[in-house]
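Trainee: Sequence and predicted structure, then a few things I'm wondering about:
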Amino acid sequence: MPLGYVALVLHAHLPYVRHPEEEYSLAEKWYHEAVTETYIPLIRMLQRLLEDLVPVRLTVSLSPPLASMMADEFIQGRYLTYLERLRELAAREVWRTRNDARFHIVARMYQRLFEDIYRTYTFYKGDLLAAWRELQDAGAVEMITCAATHGYLPLLGLHREVVRAQVQTAVQNHTRLFGRPPRGLWLPECGYNPGDDAILRRYNIEYFFVDAHGLLYATPRPRYSIFAPVTTPSGVAAFGRDLESSEQVWSAQEGYPGDFDYREFYRDIGYDLDFEYIKPYIHPSGLRVDTGLKYFRITGKTNFKEPYVPEWAGRKAQIHAGNFLFNREHQIRYLSAHMDRPPLVVCPYDAELFGHWWFEGPQWLDSLFRQVAGLYHKPFVFITPGDYLERFPQNQPATPCMSSWGNNGYNEVWLNGSNDWIYRHLHNAAEAMISLANRYARPTDLERRALNQAARELLLAQSSDWAFIMKTGTMVEYAVERTKRHLINFWELKAGVEKKQIKEDGLREMEEKDNIFPDLNYRVFASEA
């Protein structure tokens, strides 16, 4: 038996963004950037490890909105158009920088990266879920889910039917897309409300995650702190986030991503180069946006930046992987002397950190797995929460406290002066949806379509992303518009059903635009007998 275990958990999520009515959508660009900089690089990193026979075990939470976008043929086509334009820009950059070796090596790096991404994307014919299923079936990844539209459950749980609908829809969607039900569920924003675990148990969820204080202040206090899960009253296991490993990887100030040799995120040629040259690759209105091609390293804490050197950054990724290994080894050796079972260090991160915000993140992960595999006496073993529960099915009974991993640890990010107005509307709509689901047991075909779409609109309005964007102050108008549009659509559909005046053209337009969860049954909102 090893001295201890490390569980790396990547939570991949984006809000559901699909705009066929617009030729170019800034919101769709969130998805395009994440696929290019995070999701395909992570897939390729894991594939290379398997090809080289390097043992790898990782947990990936792919949220239902993100998985649904990956499965959507329209979005797949939009991304391919984006990627082809990016390849064209990279080729032009190789030519433009040909006489400046400092930038030419970086331009060539981007060209190789984008060509590899293009080959991977076209190999799977745009279906990235097929790649994730391959990694799942190869045993490299344990795929888990999240709440249906990343709704922040502690604030939506006024109606228990809403929590149940978010969980049931997520489990059904995951099972349809991945061919097997999820063992675990990532609570959006790690937002836990005592009692929600009973709903998870109903849908055969075996575990979830909470922030460290959610476990540290559990009732009763856990004997093993955050280094072993607890079993909630419903029988579902709760795993706590390790603070030390989180700070080392997550923090741009104290952690690895802030190293001066790493790529500077905030210097992009979309802003730096001549307007006429860059115009075909930014917003059609002329609005300058990130292109993804960035030529400078962090350098220091001032605005002065020096050229990025891929070789230096790659070496730092290896050094930092070694440092992480060293720290986890000493942490586990200390803990193992005070526990009667091997300690578990749970390291959950937003997947988008790796590649998008921290360009070298996938290299760091690759080096971490390779360095551990190369050790004769391994200080720890990579494991998933599901693996751990198979080895240690008996854990201390306890109830975690209400908590999240947001600022200050509770609800204030998603409930404050910038966004508190949304909840009266979400709760009123939820109450109305529950009533519709209870009353319409035998609808006509048209009524069924309208009721299913009403359920979709409500779920989309419940996304935690809109409240988060309002709080952070980025693209606030878009977040407000999305919240209002989905709620307006919901009330329009409700009125049409009740008055028997459903506008089929309007319904069809909503179904085409907001087409998430094609097999959704509005009865997920029905009250239990």
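Mentor: That came through fine. No experiment lies behind these values; they were computed from the predicted model shown. Numbers count the residues shown, from 1 in each chain.

Trainee: Show me where the stretch 401-529 of the chain dips below the pLDDT cut-off.
Mentor: Along the stretch 401-529 of the chain, segments meeting pLDDT under 70 span 529.

Trainee: and if you look at the chain?
Mentor: 529.

Trainee: so what's Tyr79 up against?
Mentor: Tyr79 makes contact with 31-32, 35, 121, 126 under the criterion C-beta atoms under 8 Å, 6 or more residues apart in numbering. C-beta coordinates here come from the backbone N, C-alpha and C atoms, glycine included.

Trainee: Need those in CSV (columns: distance to Arg92).
Mentor: CSV is the format used below for the contacts of Tyr79 (distance: C-beta to C-beta, whole Å):
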residue, distance to Arg92
Tyr31, 24
His32, 19
Val35, 22
Tyr121, 21
Gly126, 25
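
Trainee: From those, which land in helices?
Mentor: 31-32, 121 (DSSP state H).

Trainee: Columns distance to His338 and neighbour count on top of these, output as CSV?
Mentor: Below are the ones in helices among the contacts of Tyr79 laid out as CSV (distance: C-beta to C-beta, whole Å; neighbours: other C-beta atoms under 10 Å):
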residue, distance to His338, neighbour count
Tyr31, 45, 24
His32, 48, 19
Tyr121, 48, 21
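
Trainee: ok, and for stretch 424-436, which residues are buried?
Mentor: When neighbours are counted by 16 or more other C-beta atoms under 10 Å, the buried residues of stretch 424-436 are found to be 426, 429-430, 432-434, 436.

Trainee: So which of those sit within helices?
Mentor: 426, 429-430, 432-434, 436.

Trainee: Serialize these to JSON lines and add fields for distance to Val141.
Mentor: Listed next are these as JSON lines, based on distance: C-beta to C-beta, whole Å:
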{"residue": "Leu426", "distance to Val141": "33"}
{"residue": "Ala429", "distance to Val141": "36"}
{"residue": "Ala430", "distance to Val141": "34"}
{"residue": "Ala432", "distance to Val141": "40"}
{"residue": "Met433", "distance to Val141": "35"}
{"residue": "Ile434", "distance to Val141": "36"}
{"residue": "Leu436", "distance to Val141": "38"}
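
Trainee: related to what we said a few turns ago, among the contacts of Tyr79, pick out the one closest to Leu200, please.
Mentor: Tyr31 (27.8 Å; C-beta to C-beta).

Trainee: got the contact list for that closest one?
Mentor: Neighbours of Tyr31 in contact, by C-beta under 8 Å, 6+ apart: 14, 17, 69, 75, 79.

Trainee: between the contacts of Tyr79, which is closest to Asn419?
Mentor: Nearest member of the contacts of Tyr79 to Asn419, counting by C-beta to C-beta, is Tyr31, at 22.9 Å.

Trainee: and the gap between that closest one and Arg176?
Mentor: 20 Å (C-beta to C-beta, to the nearest Å).

Trainee: how is this structure carved up into domains?
Mentor: Domains of the chain are assigned by automatic domain parsing as 5-249+341-408, 415-525.

Trainee: Out of those domains, flag the one nearest Arg263.
Mentor: Nearest of these (C-beta to C-beta): domain 5-249+341-408, 4.1 Å.

Trainee: Could you tell me the end-to-end distance of that closest one?
Mentor: The straight-line separation of the ends of domain 5-249+341-408 (C-alpha to C-alpha, to the nearest Å) is 28 Å.

Trainee: so how far is that domain off the chain centroid?
Mentor: Relative to the centre of its chain, domain 5-249+341-408 is centred 5 Å away, using C-alpha atoms, centre = their mean, to the nearest Å.

Trainee: among the contacts of Tyr31, who's most crowded?
Mentor: Met69 (25 neighbours; other C-beta atoms under 10 Å).

Trainee: coming back round to it: of the domains of the chain, which stretch is the most buried?
Mentor: domain 5-249+341-408 (a mean of 20; mean count of other C-beta atoms under 10 Å).

Trainee: ok, the contacts of Tyr79 vs Glu509, which is closest?
Mentor: Using C-beta to C-beta, these come closest to Glu509 at Tyr31, 21.8 Å.

Trainee: Distance of that closest one relative to Ala198?
Mentor: Relative to Ala198, and taking C-beta to C-beta, Tyr31 is found at 34 Å.

Trainee: And Arg315, by the same measure?
Mentor: 50 Å.

Trainee: And for Ala437?
Mentor: 20 Å.

Trainee: And Glu360, by the same measure?
Mentor: Where Ala198 is concerned, Glu360 sits at a distance of 42 Å (C-beta to C-beta).

Trainee: and if you look at Ala238?
Mentor: From Ala238 to Ala198 the distance is 13 Å (C-beta to C-beta).

Trainee: what's the closest of the ones in helices among the contacts of Tyr79 to Leu113?
Mentor: Distance to Leu113, by C-beta to C-beta, is smallest for Tyr121 among the ones in helices among the contacts of Tyr79, at 12.4 Å.

Trainee: Now do the same contact list for that closest one.
Mentor: Per C-beta under 8 Å, 6+ apart, neighbours of Tyr121: 35, 40, 79-80, 83, 128.

Trainee: Closest to Asp116 out of the residues you listed?
Mentor: The closest of these, once distances to Asp116 are taken by C-beta to C-beta, is Ile40, at 8.2 Å.

Trainee: The closest one and Thr120 touch, don't they?
Mentor: Yes. If you go by C-beta atoms under 8 Å, Ile40 and Thr120 touch, sitting 5.5 Å apart.

Trainee: any idea which helix or strand comes after the helix or strand containing Glu311?
Mentor: Element membership for Glu311, per DSSP states H and E: helix 310-336. Heading C-terminal from helix 310-336, the first helix or strand you meet, by DSSP H and E, is strand 344-350.

Trainee: Which strands or helices does the helix or strand following that following strand pack on?
Mentor: Note on strand 344-350: by DSSP H and E, the next helix or strand toward the C-terminus is helix 361-373. When contacts are defined as 3 or more C-beta pairs under 8 Å, 6 or more residues apart in numbering; DSSP states H and E, helix 361-373 sits against helix 40-51, helix 310-336.

Trainee: Show me what the shortest one is packed against.
Mentor: Helices and strands touching helix 40-51, as assessed by 3+ C-beta pairs under 8 Å, 6+ apart, comprise helix 101-123, helix 128-137, helix 361-373.

Trainee: before we move on, the earlier item: let's have the ones in helices among the contacts of Tyr79 in a markdown table, adding distance to Leu368.
Mentor: Converted to a markdown table, these look like this (distance: C-beta to C-beta, whole Å):
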| residue | distance to Leu368 |
| --- | --- |
| Tyr31 | 27 |
| His32 | 28 |
| Tyr121 | 26 |
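
Trainee: Please identify which of those is nearest to Glu498.
Mentor: Tyr31 (35.9 Å).

Trainee: and Val60, what does it touch?
Mentor: Here Val60 is in contact with 9-10, 12, 132, 141-144, 351 (C-beta under 8 Å, 6+ apart).

Trainee: three-state assignment of it?
Mentor: When classified by DSSP: H, G, I helix; E, B strand; the rest coil, Val60 comes out as strand.

Trainee: Lys494 too?
Mentor: helix.

Trainee: Sounds good, over and out.
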